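1. coordinates only, sequence not included:
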């Protein structure tokens, strides 16, 4: 029985590519789901079949039929997608100015799902020094690779493609940072949908309403998604949150209390590292805001 990867879902149909050979040369197979499929992932909030699922299917003259969904290695609820193993967080070195709160919420969700993280600083050709300084400060102490790119000059595109090869990645970041422009450079036949021209920016806005996996030339896929504009923390426990800030790892074992939350406790090694400017002050502020948010949620 053949196996396939769900690369698109629309109107009750699922579009598959076989899990053999070059992903670029695989034709799309249109499939439906017959009967009820049991989820192999317990307590999943996702539908039985979503983009990113690996499935077994029966080939039919009219349309293939999905009969089994393989166990999922990861799940994202918004956007709904399974089996992602890497998140590419895109920000701009010019405009729009970086949304550090959104960036940190994305990395926290990625850490919670045990996904690799790559930071992409796009629009490096029109970089503003003050923004580069803010980014350097905010990313201080983080273990994530940082790639500086320009869809205009081509800078960094080879490094970005190398980071995507062999993986199923999702690109995340606010509107306007150039995600679609990067995808157009990485994937020759990619054609983003563009809304009407904005009166404020005089530019068309690329929009995506459905999740789709796009084949990276060579190997790998990247998700073209509706975005990560609203990320809640309702599935994260308070005690788990410090573990989702990897820059704390080198210091938390030296805290006086093993359950240290790194806010009110005395003799906190994380706060000491912060005072010595070994950690990012802006990321720590966002961490404190997330702690307060989770505490407020638990009171209801």
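-> Cool, got the structure. Small disclaimer: the values here were computed from a predicted structure and weren't measured.
2. centroid-nearest residue for the protein?
-> In the chain, the C-alpha closest to the average C-alpha coordinate belongs to residue 87, at a distance of 3.3 Å (C-alpha atoms, centre = their mean).
3. which helix or strand contains that residue?
-> strand 86-92 (DSSP states H and E).
4. what does the pLDDT read for the residue nearest to the centre of the chain?
-> The model reports residue 87 with a pLDDT of 96.
5. distance check, it against residue 53.
-> Note on residue 87: its distance to residue 53, by C-beta to C-beta, to the nearest Å, is 18 Å. C-beta coordinates here come from the backbone N, C-alpha and C atoms, glycine included.
6. if we can go back for a sec, run a quick neighbour tally on the spatially closest residue to the residue nearest to the centre of the chain that is not a sequence neighbour.
-> Nearest-residue entry for residue 87: residue 110, 4.2 Å, with adjacent residues in sequence omitted and distances by C-beta to C-beta, 6 or more residues apart in numbering. When neighbours are defined as other C-beta atoms under 10 Å, residue 110 has 25 of them.
7. ok, now which ones touch residue 110?
-> With contacts taken as C-beta atoms under 8 Å, 6 or more residues apart in numbering, residue 110 has the following neighbours: 87, 116-117.
8. make sure it is indeed in a strand.
-> No: counting by DSSP: H, G, I helix; E, B strand; the rest coil, residue 110 is located in no strand; its state is helix.
9. confidence score at it?
-> 95.
10. how near is the residue nearest to residue 51 when sequence neighbours are not counted to residue 116?
-> In space, and not counting its chain neighbours, residue 51 is closest to residue 211: 4.5 Å by C-beta to C-beta, 6+ apart. When distances are taken as C-beta to C-beta, residue 211 and residue 116 turn out to be 19 Å apart.
11. any weak-confidence spans in this protein?
-> Low-confidence segments of the chain (pLDDT under 70): 21-22, 24, 38-43, 193-209, 226-230, 300.
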